[in-house]
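Student: Provided below are the primary sequence and the corresponding predicted coordinates.
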Amino acid sequence: MHHILLRTLKTGIVTEKTPELPEEMKEISRKLLERGIGRFGRSLFIRHLDAGSCNGCEVEIGMLGSPCFMLEHLGFKFVASPRHADLLLVTGPVSLHMRQALLDTYEAMPSPKLVVSVGGCADDGGIFRGSYAIAGGVSEVVPVDLHIPGCPPEPLDLIRGLMTAAGV
Amino acid sequence: MDESRSPCSPFLEVIETDREGYLHLAMEMSETGGRLVSVWGFFSESLSLLFSSYFRGERLFTGRLSLSGKISDLPSITPFFPVASRMERSIRDLWGISFSGAQDHRRWLDHGLWERVPLTQKAQPETFGEGDYPFVRVEGMGVHEIPVGPVHAGMIEPGHFRFQVVGEKVLRMEERLGYSHRGIDGLSRNIPWNRGIKLAGRVSGDTTVGHALAYSLSIESAIGMEVPKRARFLRGLLLERERIANHLGDLGALANDAGLSFGLSQFLILKEDLLRQNKSVFGHRLLMDLISPGGVRKDPGPLPIAEMSGEASRILQEVEILEMIFEQHGGLQDRFFGTGTLPPETAQKMGLCGVVGRASGQPFDLRRLWKEPPFDETGFTQALETGGDVRARVAVRFFEVKESLRLVQEILLKLPSGDVFLEPPSGESGKEGIGLVEGWRGEILCWSRLEGGDIVAASHFHDPSWILWPALEMTIPGNLVADFPLINKSFNPSYSGHDL
Ligand code: SF4
């Protein structure tokens, strides 16, 4: 036990400063607010859904759990049930086999349902576009409020995107 | 021997067979201690090819069955290697050709949503509705069923698990995969290798280096070209960095699943440090799009060698401290010990490789067996445990992450100068090549066939997860439902790498 305490003390606080939002993202944030969504301030529950990604996007979403980012101090929390979620974070080109699961998950969320798509694939199918096995980008299946580009987007891009969506 | 093959490596042998010879090879391999690596096929108007690859001793033997005319069925090797079942079912789903001699006729990658056979555009034979995949059920007093997925509670990939349980104990677990199927076999047809390499790097994002390397090796072997020595060393460096990043993440997640969140925090700090250095030196955190046929796309120039070595040795020290904490933590050891045991005999029968194989007494590691550059100059010590439980898989990961951190320093020290990329010459139509790589999960195989110029007629990507998934299924019975996430994490098979 004392090793754990010593280690924790030695590590100290590694959490970094919250990134600044560039003007254009603040603008998007304001637009979302006008539409009546995004008034989540500092409490936003997120349900993540992999709709057929290569898992590269999952690696970076997983890194948000690193103490370097400390997502929860911004009020973001990943939840297990879509019924508890304010925001649906979708990765991957929507595979034909995940299309229904995506629709069901979206359906199960309480309004207002905020949807953020993550990574080039989620935008338009990316490198998998045109395949018989792909239903298309996320917005071809459920309405998307914000897209976070990248292949995969880096943790700071993800945080900026989430802050924009939440109107923090 | 057909002139279609031209493997550069002395460890690769392709054997041309007829139908009987194909089955005979499977029988011979199963009787002489060979293990199955992969089964795949390629079919077009003029050409029908079926392959099965086996590893025996230190060599990879590939049976190549070339058929002409109209094919009504293909020979199944499942009587000799049951683990081939899902691979053969996938070939049938994608090409619409059935296997004679197979036991399991259920669809696998096909979820009943395809109107036509995807890769031939022929009309579909009978189809199962999506909801009625016939899971094997256990009957009896008090037995009930728990369906899980495809959407899971955590931040993981999609897949479905069906548990048959009594009380807390699992009697049987069956997987239903294919949710991440993106049609990669189809997408890889008739594209230039510049595009193929992008696709290879996205078969499974956490193994982008491994798959890109296997693909590059397959193309280089088909062309018959060698890449510069500096490129081979850099590829080795990238491969080890990918291994370190994934092992660090897994060790943290395993501690977390066993209730010690401290472990996750600590390991994710180390992993983040490593990924940031990847970005600053190589330009991408996950090292995507760096390896390509011909070498490595970008010479990072005079690498900040001192800085990288220093970082590796610092991480090594921290890992050693964390290993001690893990070992002394009673609660953690209690969850790890004796949980999810895959006995060496079962592992051997299934032909397990990689981390999970090495934790169950299967001493395969290409870095030791083949000693290809840079591992010929750096030396390499292989991990091996025989317990086969979660504890053993944790121990193998600790051992390997430490060895890789040492390797990184050694490779940097011995990094030769020179070119890192040679433009691959034009390929000759009909040539084929195979690449095999010791990825962080285990052996990755890639096969490619050239169309001439820089066009690749087709490729097949094989991830070790094809073997890991059935092995996980074998391991679960007798364990508690609540231990499933922990055991699953200790195997950590890729969904996307399997679903293709
Ligand atoms: S955007 Fe890139 S990393 Fe994300 S799922 Fe697509 S290919 Fe993978």
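Tutor: Received, thanks. Numbering: from 1, shown residues only, chains lettered A, B, ... in the order given.

Student: make it CA atoms for all contacts and neighbour counts henceforth
Tutor: Noted.

Student: burial of the closest residue in space to residue B:413 that isn't next to it in sequence, as a residue count?
Tutor: Once flanking residues are discounted, residue B:413 sits nearest to residue B:305: 7.7 Å by Cα to Cα, 6 or more residues apart in numbering or on different chains. Neighbourhood size, residue B:305 [other Cα atoms under 10 Å in any protein chain shown]: 13.

Student: How confident was the prediction at residue B:305?
Tutor: Residue B:305 is assigned a predicted lDDT (pLDDT) of 87.

Student: do the same with residue B:204
Tutor: So residue B:204 comes in at 95 (pLDDT).

Student: Give the helix, strand or coil label for residue 54.
Tutor: No chain specified, so I'll use chain A. Secondary structure assignment for residue A:54 (DSSP: H, G, I helix; E, B strand; the rest coil): coil.

Student: Actually, chain B is the one I wanted.
Tutor: Following three-state DSSP, residue B:54 is assigned to strand.

Student: got the domain boundaries for chain B?
Tutor: In terms of domains, chain B is parsed into B:2-100, B:143-176, B:184-499 (source: automatic domain parsing).

Student: so the residue nearest to residue B:413 makes contact with residue B:410?
Tutor: No: applying Cα atoms under 8 Å, one finds residue B:305 not in contact with residue B:410, separated by 10.6 Å.

Student: so what's the residue most central in space within chain A bridging to?
Tutor: In chain A, the residue lying closest to the centroid (Cα atoms, centre = their mean) is residue A:89, at 3.8 Å. Beta bridges link residue A:89 to residue A:48, residue A:116, judged by DSSP bridges.

Student: mind checking how far it is from chain B?
Tutor: From residue A:89 over to chain B the distance is 10 Å, taken as Cα to the nearest Cα, to the nearest Å.

Student: next one: residue A:24
Tutor: In this view, residue A:24 and chain B are 25 Å apart by Cα to the nearest Cα.

Student: try residue A:77
Tutor: Distance from residue A:77 to chain B, by Cα to the nearest Cα: 12 Å.

Student: Out of the domains of chain B, which one sits most buried?
Tutor: The highest mean neighbour count among these, using mean count of other Cα atoms under 10 Å in any protein chain shown, belongs to domain B:184-499: a mean of 21.

Student: gap between the two ends of it?
Tutor: Using Cα to Cα, to the nearest Å, the end-to-end distance of domain B:184-499 comes to 9 Å.

Student: Low-confidence stretches in chain A?
Tutor: Within chain A, the stretches with pLDDT under 70 are A:35-41, A:168.

Student: Would you mind listing what in it touches chain B?
Tutor: Within chain A, the positions near chain B by Cα under 8 Å from any Cα of the partner chain are A:1, A:3-4, A:48-59, A:61-63, A:65-68, A:79-81, A:95-98, A:101, A:127-128, A:131-134.

Student: what's the closest non-adjacent residue to residue 82?
Tutor: Picked chain A for this. With Cα to Cα, 6+ apart as the criterion, residue A:82 has its nearest non-adjacent residue at 5.1 Å, and that residue is residue A:109.

Student: other chain: chain B
Tutor: For residue B:82, the closest residue by Cα to Cα, 6+ apart turns out to be residue B:350, at 8.0 Å.

Student: Residue B:409 now?
Tutor: For residue B:409, ignoring the flanking residues on the chain, the nearest one in space by Cα to Cα, 6+ apart is residue B:309 at 5.1 Å.

Student: element containing that neighbour, please.
Tutor: Secondary structure from DSSP states H and E places residue B:309 in helix B:305-328.

Student: Can you name the residues in contact with the helix or strand following that helix?
Tutor: Counting by DSSP H and E, the next helix or strand C-terminal to helix B:305-328 is helix B:330-336. If you take Cα atoms under 8 Å, 6 or more residues apart in numbering or on different chains as the criterion, helix B:330-336 is touched by B:255, B:258, B:259, B:260, B:326, B:327, B:389, B:390, B:391.
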